[in-house]
Every structure is written in C-alpha cells, then in structure tokens.
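Trainee: What follows is a predicted protein model with its sequence.
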Amino acid sequence: MKLVRDAARASSTSSINTTRFPLPCQVKVAGDQTQIKPAPINSCMPMAAAKSVERLAQRLVTPAEPTPAGPLRLSWLDRYPTQMALIESLHVFKPSPDRNLAADGPARTIEQALAQALVQYYPLAGRLGFTDDGGLLQVDCGGDGSGVWFTEAEAACGLEDVEYLEHPMMIPKDALLPPTPAAEKDERRLVLLVQVTTFACGGFVVGFRFSHAVADGPGAAQFMAAVGDLARGNHTAESLTLPPQWGREAIPNPATAVIGPLPSPAGAKSLEYLAMDISADYIAHYKAQYNSAAHGGSWCSAFEVLVAKAWQSRTRAAGFHPDSDVHLCFAMNARPLLHASLPRAGAGFYGNCYYIMRVSAPAGKVAGASVPDVVRIIKDGKRRMPAEFTRWATGEAGASSGVDPYQITSDYRTLLVSDWTRLGFAEVDYGWGPPAHVVPLTNLDYIATCILVKPWAHKPGARLITQCVTPDRVAAFHQGMLDMN
C-alpha cells in the first residue's frame, strides 16, 4: 500500500488511500515493510515550507438589529469544566467558477451574514459570566464590548500551492485561526471568533474558535448553516429554516452528579497524528462481514465498522496486557431522549445535549475477536445509552456509583471517538458550494482520539483522523488498519 500525500491524487483502487503526519516524516520501505519515523524537528523539507498569511483587519461584528440584553443561565452540561475550551476547526472552500466576479468576496459576504445570524443567535455575541469562585454560570448578552471578533486575512498563494491544507500543513494553523484581540482581557469569556482567509485562487478558509460551553457539535453546525443560508440570500434573519432555541432549563441538573478531575498530561504518553482516507469498498467489506454473521439480520453503520476496526488495530498495536480492560468512549446525541422537555421537541436547540457512552472489554478480547464481534460490543453499549442516561439524569447513577460519565481522561487505555460526519459541517454553503474538507484541530496530544469526518467533497468513503498511539506504534497501527484479513 503506497503512502501518498494528496487525497485528490490518491488511487481510487486503494482501500485506505492516504496517511499524513503533523511534522515532516522519514518514510523508509524495506521489502514489504514500511517504516515510519518522525523526522528531526529542525529538518528542512520543501513539502513543509511555510506560506505567509497577512491579516488585513479585525472587527467586532454585532447583531444587525437590536437584541435582548441580560444574563442567560447555562445548563449543568454547558457548565461542565471541560466545556471551557474553544473548539478550533478549519473549513476549506475551493473557488467557484460560477461565482459572479462583481459580487462581494468571501470575507465581506460571511461578515454580513454573520451580523444577520446574530440577530437570532445573539447569545453567541455575548460573553461568558462566572461566579466569584471562578465557576461558569451564564452568558451575559448585550452591553459594551459584546459581539463576535471577525478577522479578515489573505494569502498570496493558491490553495493548490498548499495542497488544500492537507497534513503536514504548509501554513501554521494559528495563522488561519482568529487571534484573541488585546482588547479582551479574559479569553475565557469569549464565545465565538471567526477568521476568513482568502487565497489568490479565489478559494478561502474559514477558521472558527467556538466555545463548547454555548453549543455542542450539532449546535455549532446549525449556526454555521444559518450563516450560510443568509450568505446565499435564501432567508432573512427573521425567517431562518431552523429558528434557534435556548431552552437550557430542559437539560437535567442532577443534584448528585459527580464531576471527575480534568485530564492531566502528568505521566501521559505523547501521541502521534495519523489520518487515513477510507474507501467505500473498505467499509462495505466489513459491513458485509457483519451482515453475513449470525447477528439476527441487524445492520451496522460506517461509524460502527470504522470505530471497531480502529479500536482493534490500536489495541493490537499498543500491546496492552490481554487481561487489562480497554475502553472506548463516544458521545451520543441525547435530544431524542429529551424531546418532551426541549422547546419544539429539540428542533433548533443548539446547546450541549449529549451523553458519553463508555464501552469496556479485556484487551485480549478486542484484539482477538473478529471485526463483526467488536461491532457487536459497540452496539451493545449504544443500546444501553437510554437507560444509562435516564439513571444519570434522575441522579440515580451518581448516587450509587460515584462515576462521572462525562469525564475525559488521559488514560492511554481509553480511546475517545468523535463522529463529525453527521454534524452538518460538510454541508455548510456560503455561496461557493460546500467545503472541500473540514479539519478538526486538537491541542492535547496526550488524549487518545479518533475523529471520523467526511472525505473530500463528492468522494465516497470516510476520513479517519487519529492521534491515538505513541510514535513507535504508528506503523503497527497503520498496518492493522490496512489488513483486511
């Protein structure tokens, strides 16, 4: 299996087309054995040469019309300590040959649509408010200094010159993400920052830093889609397809809920980045295996297949003791379980509303089972979700077990999985068509993660972005993913 750099040039016959690394790598092939080693940090490789980005202006975008002022209380889940992070992502858009050259460019178009969207999504223009002891409490809407910081930037090169920001990125991510302005004395209070970088080819990149305290993944994508609708002129601020709902009082607030410690890098392993484009045939192969096995005629999803394969390949590559338990954690949307209490049965609700399922099994069982059997372990965990969520929501789970289901851990035996394929980011359209691809960014290299995203636009299959094994185990993990036997 070849290692290739660009998904657009990858062979369509390969089951797993691409692998990419955040730092330059030395790739050596000895016979049939591929050896992958991190290159020295100070090595100079033309493929990783940086391109410059010039920031032209940074402005505070406020709602296009007057909006309510005052505090809005956040839910228990919004206030959970790990939600304090600003989630970062890059959304890469190719130039549109059908775009009217006389029309506004991407930055102006998105800035104007952002101001309109904030009329109904006005809490996103607010600032987070804290208690005297530093606990997160509310969003303070309106008032001096409220608004979304919007940065306009440009790059002299074309997107093709930087290979559409495939890894290793030729432009540092911080150059494409909106910076925190000096006027903001406390970065913790910021809810949303946006940067639009226009490239010489006419394509552009939208960089988001979005507070997890105010919106979860589906909620953030819902807002971006609204900005896209307004940018294309399909709606007005008063007639959005999906009017936003605050409704945080509908989220359970169990008095006995346990909050575990935050993840710590102390004693944790440093993990290596690896991204793979998975073909539709690869996914269909394992789906057919599952369907042909004795599983009562049930079906399985691409998410279940790829997560099962990744969990098994990682478990084998890491070399865990067969009797030690390994864990798989993934967020599940809890909106269907709260439709009776959420406004409009959850339609338009953009706050945090999910539950983290934890599936555990001995390492020997995960490593030695067939992929369909690992899928069944995952499915069994998903079936438990309604009952477990209800026990947590009513306070029963916290009182009896002392376990925090939302805790994120740096324990190497735990793999944290996120599914971005159904959030809606890949469908956002500002008038240039949907993004070529979306780049989720992680800043903690000591938490084992696996993120499933959609592949390049109009391509079947999936993209798997992982940071889940130590550098000396990357080749074994990659080989495990390639092995279809």
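Mentor: Good, I have the coordinates.
Trainee: can you list contacts of stretch 390-407?
Mentor: The list of residues contacting stretch 390-407 from outside it, by C-beta atoms under 8 Å, 6 or more residues apart in numbering, reads 77, 80, 82, 252, 254-261, 337, 355-358, 388. To be clear about C-beta, it is placed using only N, CA and C from the backbone, and glycine gets the same treatment.
Trainee: what does stretch 99-112 give?
Mentor: For stretch 99-112, with C-beta under 8 Å, 6+ apart as the criterion, the contacting residues are 59, 61, 93, 150, 152, 194, 196, 198, 202, 204, 206, 227, 231, 430-432.
Trainee: quick one: low-confidence parts of the protein?
Mentor: Within the chain, the stretches falling below the threshold (pLDDT under 70) are 1-14, 17-50, 101-102, 294-297, 398-401.
Trainee: can you map out the helices along it?
Mentor: Ranges of helices in the chain, per DSSP state H, are 106-117, 173-176, 217-231, 280-292, 302-318, 363-368, 371-393, 396-401, 474-482.
Trainee: And the longest one, what's buried?
Mentor: Read that as helix 371-393. By 16 or more other C-beta atoms under 10 Å, the buried positions in helix 371-393 come out as 371-379, 381, 385, 388-389, 391-393.
Trainee: Work out the gap between that helix and the centre of the chain.
Mentor: Distance of helix 371-393 from its chain centroid, counting by C-alpha atoms, centre = their mean, to the nearest Å, is 22 Å.
Trainee: The shortest one now?
Mentor: When distances are taken as C-alpha atoms, centre = their mean, helix 173-176 is centred 17 Å away from the chain's centroid.
Trainee: Show me what that helix is packed up against.
Mentor: In this structure, helix 173-176 makes packing contacts with strand 86-93, strand 192-199, judged by 3 or more C-beta pairs under 8 Å, 6 or more residues apart in numbering; DSSP states H and E.
Trainee: Leaving out sequence neighbours, find the closest residue to residue 342.
Mentor: Nearest residue to residue 342 in three dimensions, chain neighbours excluded: residue 250, at 4.6 Å (C-beta to C-beta, 6 or more residues apart in numbering).
Trainee: hmm, I was thinking of residue 333
Mentor: Distance criterion C-beta to C-beta, 6+ apart; nearest residue to residue 333, sequence neighbours excluded, is residue 354 at 5.7 Å.
Trainee: How many neighbouring residues does that neighbour have?
Mentor: Residue crowding around residue 354 was assessed by other C-beta atoms under 10 Å; the count is 17.
Trainee: one step back: I'd like the helices and strands packed on helix 173-176 as a markdown table, with distance to residue 308 and mean neighbour count appended.
Mentor: As requested, those are exported to a markdown table (distance: least, C-beta to C-beta, whole Å; neighbours: other C-beta atoms under 10 Å):
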| stretch | distance to residue 308 | mean neighbour count |
| --- | --- | --- |
| strand 86-93 | 26 | 21 |
| strand 192-199 | 35 | 25 |
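Trainee: can you redo those strands as TSV with distance to residue 485?
Mentor: Output for the helices and strands packed on helix 173-176, formatted as TSV (distance: least, C-beta to C-beta, whole Å):
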stretch	distance to residue 485
strand 86-93	35
strand 192-199	43
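Trainee: Which among those strands is found nearest to residue 408?
Mentor: Shortest separation from residue 408 across the helices and strands packed on helix 173-176 is recorded for strand 86-93, at 13.1 Å, computed as C-beta to C-beta.
Trainee: Enumerate every residue touching residue 129.
Mentor: Taking C-beta under 8 Å, 6+ apart as the definition, contacts of residue 129 comprise 71, 136-140, 189.
Trainee: Hmm, residue 225 is touching residue 424, no?
Mentor: Yes. At 5.8 Å, residue 225 and residue 424 qualify as touching, with contact defined as C-beta atoms under 8 Å.
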